[in-house]
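Q: here you go, sequence then predicted model.
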Amino acid sequence: MPSNPPAAPPVPRFRPRRWLRAGLAALLLLGLAHGLLWAWLAGRMERELDTWSAGRRALGWQVEHGTPARDGWPWAVRLTLPAVRLVEPGGLGWQAGQLALSLALPWPAELALDASGPQALLAGAERLPFAAASLTGSLAQAGAPLRLQATALRGPAAGATPMLRRAALVVPEDGAFDLALEGLSLPAQAPPAVLALGAEVQRLALRGALTVPLPAAPNPARQATAWRDAGGRVQLHALDLRWGPVQAGLQGELALDAALQPAGSLTLTLAGLREALAALSGAGVIEPRNAQALGVLGALLPRVAMEGGATGLRLPLALRDRSLAAAGFTLLRLPLLVWPAQ
């Protein structure tokens, strides 16, 4: 007898409802996990903010802000702090209408800062209000450099012309700093000596470091005194200035003298000496005879290559008793630097 052929295996039935239920359950679980992560991160951010604020207050800082508001779900954890005011022990500080702190999800590797509303820089009893199209920053992790960027800084009046097109600041923990300003507009009421090279500084970039951290003190005058007495110096690694006809670089070291005025030795590289001397002499900053002598001296100095392909001269400078001199010739007399006492 012929044997019966083996039975075909049963065909699995596609059950769309079962798969739909499983998918919905997985999405619910993922949503719940995401919500728990979001709430945990928000709580952690608030706790770390409280810890940071308490630590600064213990060092003499004024740290003030309103009740944080949580938002940003689902793609970010954001704390918005209203009425922020930070003032270090020497009286230097900053305030803003609000400051947002945020971490992007799902990989919160960097804390982003975003300030908005009316803002002001503080120095003792002095207050300089300003507004900005944007003022943002970032901090990747503890010990990493703090990075700040600002665009279109202007006075508080509506429609005011920007005083500064762009600014960027990097502040590592070791006392170094890297500052870059672009499109700095000088006030029209500034003295002619200040406006001699033009009403706008096209670029000012500065890299340097403080050899001694700024100590805690009740006001800027005492802070500067304590910093000077501790052997504080400002090391200028590189300065790049583009101002009217002038391109300049500067290196050296500065300190504070017995009268809390800047003093030190510097090396200047300069392109556009002839145009600069003519402008400064015409504004009364340099006596014509000194301008002429410096022009002759400049013609004798060796030339060095500068950034951008320009060729400039190298000139040693000495700053002492508020006078900036080169090769024995006084270039200019600096105004008295007055430190706020409260």
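A: Noted; the coordinates are in hand. Just so it is clear, the structure is predicted and the values come from calculations on it, not from any experiment. Numbering: from 1, shown residues only.
Q: now the most centrally placed residue in the chain: which helix or strand?
A: The residue lying closest to the centre of the chain (Cα atoms, centre = their mean) is L169, at 2.5 Å. For L169, the host element (DSSP states H and E) is strand 162-171.
Q: next structured bit after that strand?
A: Following strand 162-171 in sequence order, the next helix or strand is strand 176-185 (DSSP H and E).
Q: okay, A283: pLDDT?
A: Looking at A283, its pLDDT stands at 85.
Q: just give the nearest non-adjacent residue to it, would you?
A: Closest residue to A283 apart from its sequence neighbours, by Cβ to Cβ, 6 or more residues apart in numbering: A196 at 3.7 Å. All C-beta atoms are positioned from the backbone trio N, CA, C, and that covers glycine.
Q: same deal with A109?
A: Spatial nearest neighbour of A109, chain neighbours left out: A140 (6.7 Å); criterion: Cβ to Cβ, 6+ apart.
Q: the one you found against L103, yeah?
A: No. A140 lies out of contact with L103 (Cβ atoms under 8 Å); the separation is 11.4 Å.
Q: overlap in contacts of those two?
A: Shared contacts of A140 and L103 (Cβ atoms under 8 Å, 6 or more residues apart in numbering): E110, L111.
Q: settle it for me: which of the two has more neighbours?
A: More crowded of A140 and L103, by other Cβ atoms under 10 Å: L103, with 20 against 12.
Q: tell me the secondary structure at that one.
A: strand (DSSP: H, G, I helix; E, B strand; the rest coil).
Q: what about it, distance to V77?
A: For L103, the distance to V77 (Cβ to Cβ, to the nearest Å) stands at 5 Å.
Q: can you list residues touching both of these two?
A: Taking Cβ under 8 Å, 6+ apart as the contact rule, L103 and V77 both touch L41, M45.
Q: quick one: contacts for E64?
A: A83, V84, R85, L86.
Q: can you list the residues you listed in JSON lines and add secondary structure, pLDDT and distance to A258?
A: JSON lines is the format used below for the contacts of E64 (DSSP: H, G, I helix; E, B strand; the rest coil; pLDDT from 0 to 100; distance: Cβ to Cβ, whole Å):
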{"residue": "A83", "secondary structure": "strand", "pLDDT": "96", "distance to A258": "41"}
{"residue": "V84", "secondary structure": "strand", "pLDDT": "96", "distance to A258": "38"}
{"residue": "R85", "secondary structure": "strand", "pLDDT": "96", "distance to A258": "34"}
{"residue": "L86", "secondary structure": "strand", "pLDDT": "93", "distance to A258": "32"}
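Q: give me the buried entries from those.
A: Buried members of these, counted by 16 or more other Cβ atoms under 10 Å: V84, L86.
Q: still on that earlier bit, so the residue nearest to the centre of the chain sits against F177, correct?
A: Yes. When contacts are counted by Cβ under 8 Å, L169 is listed as touching F177 (7.0 Å).
Q: now do the buried residues in the helix or strand hosting W227.
A: According to DSSP H and E, W227 maps onto helix 220-229. Buried positions in helix 220-229, judged by neighbour count with 16+ other Cβ under 10 Å: P220, A221, R222, Q223, A224, T225, A226, W227, R228.
Q: rewinding a little: which one among the contacts of E64 gets closest to L270?
A: Nearest to L270 among these is L86, at 38.2 Å by Cβ to Cβ.
Q: OK, contacts around the closest one?
A: R56, W61, Q62, V63, E64, G93, W94, Q95 are the contacts of L86 under Cβ under 8 Å, 6+ apart.
Q: quick check, the last one in a strand?
A: Meaning Q95. Yes. Assigned with three-state DSSP, Q95 falls within a strand.
Q: show me the beta-bridge partners of it.
A: Listed beta-bridge partners, Q95: R85, A120 (assigned using DSSP bridges).
Q: change the start of the numbering to 8 and stick with it
A: Sounds good: first residue 8 from here, last item Q102.
Q: count of neighbours near it?
A: Residues lying near Q102 (other Cβ under 10 Å) number 22.
Q: go on, the third one?
A: Neighbour count of Q69, defined by other Cβ under 10 Å: 15.
Q: pretty sure it contacts G98?
A: No. Applying Cβ under 8 Å, one finds Q69 not in contact with G98, separated by 9.4 Å.
Q: turn the buried residues of helix 227-236 into TSV, including distance to R214.
A: As requested, these are exported to TSV (distance: Cβ to Cβ, whole Å):
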residue	distance to R214
P227	24
A228	27
R229	28
Q230	23
A231	22
T232	26
A233	25
W234	20
R235	22
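Q: could you dump the residues you listed into JSON lines with distance to A245 and pLDDT added?
A: Formatted as JSON lines, the buried residues of helix 227-236 follow (distance: Cβ to Cβ, whole Å; pLDDT from 0 to 100):
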{"residue": "P227", "distance to A245": "26", "pLDDT": "83"}
{"residue": "A228", "distance to A245": "30", "pLDDT": "86"}
{"residue": "R229", "distance to A245": "31", "pLDDT": "87"}
{"residue": "Q230", "distance to A245": "26", "pLDDT": "87"}
{"residue": "A231", "distance to A245": "24", "pLDDT": "91"}
{"residue": "T232", "distance to A245": "28", "pLDDT": "93"}
{"residue": "A233", "distance to A245": "28", "pLDDT": "93"}
{"residue": "W234", "distance to A245": "22", "pLDDT": "93"}
{"residue": "R235", "distance to A245": "24", "pLDDT": "95"}
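Q: good, we can wrap up now.
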